[in-house]
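# Generate a structure from the sequence data that follows.
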Amino acid sequence: MNHIVGIGEYTVSDNLLDTIQTYALASCVAITVYSKTRKVAGMIHVALPECIDERYAKLKPGYYATTGVPLLFEKICKDFGCLKSDLQIQLFGGARSIRKNDLFEIGAKNIEAIKSMLAKMGVTYRLTEVGGNISRTIIMDVATGSIQVYTQPIKI
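The predicted model follows:
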(Lines give C-alpha, C1' and ligand atoms only; values in the text may rest on other atoms or scores of the structure.)
Protein backbone atom coordinates (compact mmCIF):
# COMPACT_ATOMS: atom_id res chain seq x y z
CA MET A 1 0.00 0.00 0.00
CA ASN A 2 1.18 3.51 -0.76
CA HIS A 3 0.59 5.94 2.14
CA ILE A 4 0.34 9.59 1.08
CA VAL A 5 1.32 12.09 3.77
CA GLY A 6 -0.35 15.46 3.24
CA ILE A 7 0.61 18.78 4.80
CA GLY A 8 0.36 18.49 8.58
CA GLU A 9 -0.11 14.72 8.44
CA TYR A 10 2.04 11.77 9.47
CA THR A 11 2.04 8.01 9.17
CA VAL A 12 3.97 5.04 10.52
CA SER A 13 4.00 1.55 9.00
CA ASP A 14 5.59 -1.82 9.64
CA ASN A 15 4.13 -3.46 6.52
CA LEU A 16 7.12 -4.40 4.37
CA LEU A 17 5.08 -3.99 1.18
CA ASP A 18 4.24 -0.34 1.95
CA THR A 19 5.73 2.89 0.75
CA ILE A 20 5.25 6.30 2.33
CA GLN A 21 5.42 9.46 0.27
CA THR A 22 4.83 13.18 0.35
CA TYR A 23 4.67 15.67 -2.49
CA ALA A 24 6.04 19.11 -3.30
CA LEU A 25 8.06 19.97 -0.21
CA ALA A 26 9.09 23.58 -0.60
CA SER A 27 9.35 25.49 2.70
CA CYS A 28 7.69 22.52 4.43
CA VAL A 29 9.94 19.84 5.90
CA ALA A 30 9.45 16.08 5.89
CA ILE A 31 11.04 14.11 8.67
CA THR A 32 11.61 10.43 7.95
CA VAL A 33 12.26 7.94 10.73
CA TYR A 34 13.34 4.35 10.19
CA SER A 35 14.12 1.42 12.48
CA LYS A 36 16.35 -1.04 10.67
CA THR A 37 15.94 -3.52 13.53
CA ARG A 38 12.15 -3.47 13.60
CA LYS A 39 11.57 -2.55 9.92
CA VAL A 40 9.29 0.33 10.84
CA ALA A 41 9.12 3.58 8.86
CA GLY A 42 7.46 6.89 9.63
CA MET A 43 7.11 10.28 8.02
CA ILE A 44 5.63 13.66 8.92
CA HIS A 45 5.08 16.72 6.69
CA VAL A 46 5.61 19.84 8.84
CA ALA A 47 4.38 23.19 7.49
CA LEU A 48 5.29 25.71 10.22
CA PRO A 49 7.82 25.93 13.04
CA GLU A 50 5.33 26.55 15.84
CA CYS A 51 1.72 27.40 16.56
CA ILE A 52 0.72 30.59 18.35
CA ASP A 53 -2.77 29.31 19.16
CA GLU A 54 -3.06 25.97 20.97
CA ARG A 55 -6.50 25.33 19.48
CA TYR A 56 -4.94 24.87 16.03
CA ALA A 57 -2.13 22.71 17.37
CA LYS A 58 -4.69 20.36 18.93
CA LEU A 59 -6.66 20.14 15.68
CA LYS A 60 -3.66 19.35 13.49
CA PRO A 61 -0.54 18.74 15.61
CA GLY A 62 1.48 17.43 12.66
CA TYR A 63 1.29 20.84 11.01
CA TYR A 64 3.81 22.34 13.46
CA ALA A 65 7.36 21.28 14.31
CA THR A 66 6.89 21.83 18.05
CA THR A 67 3.92 19.45 18.26
CA GLY A 68 4.44 17.19 15.26
CA VAL A 69 7.98 15.98 15.91
CA PRO A 70 7.20 14.61 19.40
CA LEU A 71 3.99 13.08 18.05
CA LEU A 72 5.83 11.11 15.35
CA PHE A 73 8.37 9.79 17.86
CA GLU A 74 5.68 8.87 20.36
CA LYS A 75 3.88 6.89 17.67
CA ILE A 76 6.93 5.02 16.39
CA CYS A 77 8.45 4.33 19.81
CA LYS A 78 5.37 3.60 21.93
CA ASP A 79 3.05 2.03 19.38
CA PHE A 80 5.68 0.12 17.40
CA GLY A 81 8.27 -0.56 20.13
CA CYS A 82 11.18 1.17 18.42
CA LEU A 83 14.10 2.58 20.41
CA LYS A 84 15.14 6.19 19.78
CA SER A 85 18.77 5.08 19.69
CA ASP A 86 17.97 2.70 16.81
CA LEU A 87 16.26 5.25 14.56
CA GLN A 88 17.69 6.69 11.37
CA ILE A 89 16.30 10.22 11.01
CA GLN A 90 16.50 12.35 7.88
CA LEU A 91 15.19 15.80 6.97
CA PHE A 92 14.00 16.94 3.55
CA GLY A 93 12.67 20.28 2.32
CA GLY A 94 12.91 23.68 3.99
CA ALA A 95 13.50 25.49 0.70
CA ARG A 96 13.96 29.24 0.43
CA SER A 97 11.47 31.32 -1.47
CA ILE A 98 12.66 32.52 -4.85
CA ARG A 99 11.22 35.95 -4.04
CA LYS A 100 13.89 38.50 -3.22
CA ASN A 101 12.12 39.83 -0.13
CA ASP A 102 11.31 36.61 1.71
CA LEU A 103 10.68 38.24 5.08
CA PHE A 104 9.30 35.15 6.77
CA GLU A 105 12.02 32.63 5.80
CA ILE A 106 9.70 29.77 6.75
CA GLY A 107 11.91 27.05 5.25
CA ALA A 108 14.92 27.99 7.39
CA LYS A 109 12.74 28.49 10.46
CA ASN A 110 11.16 25.06 9.96
CA ILE A 111 14.57 23.41 9.79
CA GLU A 112 15.80 25.22 12.92
CA ALA A 113 12.62 24.38 14.89
CA ILE A 114 12.88 20.71 13.92
CA LYS A 115 16.59 20.56 14.77
CA SER A 116 15.79 22.12 18.14
CA MET A 117 13.03 19.61 18.86
CA LEU A 118 15.27 16.68 17.89
CA ALA A 119 18.07 18.01 20.11
CA LYS A 120 15.65 18.30 23.06
CA MET A 121 14.66 14.69 22.44
CA GLY A 122 18.31 13.60 22.34
CA VAL A 123 18.28 12.08 18.86
CA THR A 124 20.70 12.48 15.99
CA TYR A 125 19.60 13.22 12.45
CA ARG A 126 20.91 13.85 8.98
CA LEU A 127 20.12 16.97 6.95
CA THR A 128 19.71 14.94 3.82
CA GLU A 129 18.22 17.37 1.31
CA VAL A 130 17.32 20.73 2.78
CA GLY A 131 17.39 24.35 1.70
CA GLY A 132 17.98 25.58 -1.80
CA ASN A 133 15.04 26.68 -3.91
CA ILE A 134 13.69 23.40 -5.21
CA SER A 135 10.54 21.42 -4.53
CA ARG A 136 11.05 17.85 -3.38
CA THR A 137 8.82 14.79 -3.53
CA ILE A 138 10.03 11.84 -1.47
CA ILE A 139 9.11 8.17 -1.43
CA MET A 140 10.22 5.92 1.44
CA ASP A 141 10.31 2.12 1.25
CA VAL A 142 9.22 0.51 4.53
CA ALA A 143 11.15 -2.73 3.93
CA THR A 144 14.53 -1.05 3.47
CA GLY A 145 14.17 2.53 4.68
CA SER A 146 15.54 3.75 1.35
CA ILE A 147 14.29 7.10 0.11
CA GLN A 148 13.92 8.34 -3.44
CA VAL A 149 13.94 12.10 -3.97
CA TYR A 150 12.46 13.84 -7.00
CA THR A 151 13.09 17.55 -7.47
CA GLN A 152 11.77 20.49 -9.47
CA PRO A 153 12.58 24.20 -9.39
CA ILE A 154 10.13 26.29 -7.39
CA LYS A 155 8.04 28.60 -9.58
CA ILE A 156 6.11 31.71 -8.59
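# my guess is residue 126 meets residue 91, correct?
Yes: if you go by C-beta atoms under 8 Å, residue 126 and residue 91 touch, sitting 7.1 Å apart. Heads up, the C-betas are built off the backbone N, CA and C, glycines and all.
# quick one: contacts for residue 4?
21-23 (C-beta atoms under 8 Å, 6 or more residues apart in numbering).
# and the residues you listed, which of them are in strands?
21-23 (DSSP state E).
# Out of those, which comes closest to residue 41?
residue 21 (11.0 Å; C-beta to C-beta).
# if we can go back for a sec, neighbour count winner among residue 126 and residue 91?
residue 91 (21 against 11; other C-beta atoms under 10 Å).
# In this structure the more buried one contacts residue 123, no?
No: when contacts are counted by C-beta under 8 Å, residue 91 is not listed as touching residue 123 (11.8 Å).
# Beta-bridge partners for the nearest residue to residue 80 once chain neighbours are set aside, please?
Spatial nearest neighbour of residue 80, chain neighbours left out: residue 40 (4.7 Å); criterion: C-beta to C-beta, 6 or more residues apart in numbering. On the basis of DSSP bridges, residue 40 is bridged to residue 35.
# ok, residue 40 to residue 66 distance?
Separation of residue 40 from residue 66 (C-beta to C-beta, to the nearest Å): 24 Å.
# rewinding a little: neighbour-wise, which one of the ones in strands among the contacts of residue 4 leads?
Greatest neighbour count in these, by other C-beta under 10 Å, goes to residue 22: 26 neighbours.
# My read is that that one contacts residue 3, right?
No: applying C-beta under 8 Å as the test, residue 22 and residue 3 come out as separate, 9.4 Å apart.
# As a check, name the ranges of all strands in the chain.
Under DSSP E, the chain gives strands at 2-4, 10-13, 19-25, 29-35, 40-46, 87-93, 126-130, 134-141, 147-153.
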